[in-house]
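**Q** Dropping the sequence and predicted coords here.
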Amino acid sequence: MGEFVRVEVEDGVATIRLDRPKMNALNAQMQRELIDAARQVTQDDAVGAVVLYGGERVFAAGADIKEMAPMSYAQMSAGHSRLLQDFAKALAAIPKPVIAAITGYALGGGLEVALTADFRVAGEGAKVGQPEIQLGIIPGAGGTQRLSRLVGPAKAKDLIFSGRHVEADEALAIGLVDRVVPDADVYTAAREWAATFAGGPAIALRAAKQAIDSGLEVDLDTGLEIERTQFAALFATEDQANGMKSFMEEGPGKAKFSGR
């Protein structure tokens, strides 16, 4: 458990809780603690799904500008820009379903945290965006890449070039978030969604995530080979044997999975 990031596990769902008042500004320490949290939930077999959560008032309002402002090109190029990439990569590499529960602001680095998740649940009052252009810079923790893959290059350029804030209803319409719920229900909705995966076949879920995410980066034939390899490998698991046996004997949806 870090000073600004903690992991709480209940009923197979881990919550990675950002907690650096008032706005969860992502300083270097917090970024390192997110790497540690990602490693922890990855290695914990008791965790079947993960929720990223910043609290009732704000998800994360961005990177710590006061920390970054005095940095030189040499400092940024050699060190901090790599840390920005590394913490987001660590979150994106969690081999389990991950849901971002967005309340209040998710801006700049905060939105980049949410973009590492598989799904995003936003409160009705949430505002998201990549406002780095207003500081004379661009997103540095994956925003130019993950946002364009999620909503398409034209819409990503709209948001990044303008730096404007996007309200929840527009975010839902463009596919930037997947569900919008009342602000008070965001965390509950995200946990309930995560719970639907927590008892599932962990190895198959990991394979599905890896096949989809890796396949997006390659041509179709290579992606199909990734799928074929992952598909075949699952026939070495207990979950596949139990799942098919249960289907034949009891019908669909009744299998109990061990994660082996």
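**A** Nice, thanks for sending it over. The structure presented is a predicted model; accordingly, all values stated were derived computationally and were not measured.
**Q** Would you quantify the distance from residue 50 to residue 65?
**A** Taking CB to CB, to the nearest Å as the measure, residue 50 and residue 65 are separated by 28 Å. Every C-beta, even on glycine, is put in place using the N, C-alpha and C of the backbone.
**Q** These two: who's more crowded?
**A** In this view residue 50 and residue 65 are compared by other CB atoms under 10 Å, and residue 50 has more residues nearby, 30 against 14.
**Q** Give the helix, strand or coil label for the more buried one.
**A** strand (DSSP: H, G, I helix; E, B strand; the rest coil).
**Q** My read is that it contacts residue 12, right?
**A** No. Residue 50 lies out of contact with residue 12 (CB atoms under 8 Å); the separation is 10.3 Å.
**Q** list the buried ones in the host helix or strand of residue 243?
**A** Residue 243 belongs to helix 238-250 when elements are defined using DSSP states H and E. By 16 or more other CB atoms under 10 Å, the buried positions in helix 238-250 come out as 239-240, 242-243, 246.
**Q** What separation is there between the nearest residue to residue 260 once chain neighbours are set aside and residue 259?
**A** Leaving aside its chain neighbours, residue 260 sits nearest to residue 238 (4.4 Å; criterion: CB to CB, 6 or more residues apart in numbering). Separation of residue 238 from residue 259 (CB to CB): 9 Å.
**Q** where do the strands sit along this protein?
**A** Counting by DSSP state E, the chain has strands at residues 5-10, 13-18, 49-53, 98-102, 105-107, 119-123, 127-129, 166-167, 179-181.
**Q** Residue 75 - how many residues pack around it?
**A** Counted with other CB under 10 Å, the neighbours of residue 75 add up to 12.
**Q** For residue 137, see how far away it is.
**A** Per CB to CB, residue 75 is found 14 Å from residue 137.
**Q** now the helices for the stretch 151-260 of the chain?
**A** Using DSSP state H, counting those that start in this stretch, the helices of the stretch 151-260 of the chain run over 153-162, 168-173, 186-198, 202-215, 220-233, 238-250.
**Q** most packed of these?
**A** The highest mean neighbour count among these, using mean count of other CB atoms under 10 Å, belongs to helix 186-198: a mean of 20.
**Q** name the helices or strands packed onto that one?
**A** Using 3 or more CB pairs under 8 Å, 6 or more residues apart in numbering; DSSP states H and E, the elements in contact with helix 186-198 are strand 13-18, strand 49-53, strand 98-102, strand 119-123, strand 179-181.
**Q** nearest to residue 201, of these?
**A** Closest approach to residue 201 among those (CB to CB): strand 49-53, 12.4 Å.
**Q** residues in contact with the closest one?
**A** Strand 49-53 is touched from outside by 12-18, 41, 59, 91, 94, 96-101, 113-114, 116-117, 187, 190-191, 194-195, 197-198, with contacts defined as CB atoms under 8 Å, 6 or more residues apart in numbering.
**Q** Within the sheet, what are the partner strands of it, with directions?
**A** Using DSSP bridges, the strands paired with strand 49-53 in its sheet are strand 13-18 (parallel), strand 98-102 (parallel).
**Q** okay, those strands, which one's buried deepest?
**A** Stretch with highest mean neighbour count among these: strand 98-102 (a mean of 29; mean count of other CB under 10 Å).
**Q** what is the orientation angle of it with strand 119-123?
**A** 20 degrees (axes from the mean of the first three to the mean of the last three CA atoms, to 10 degrees).
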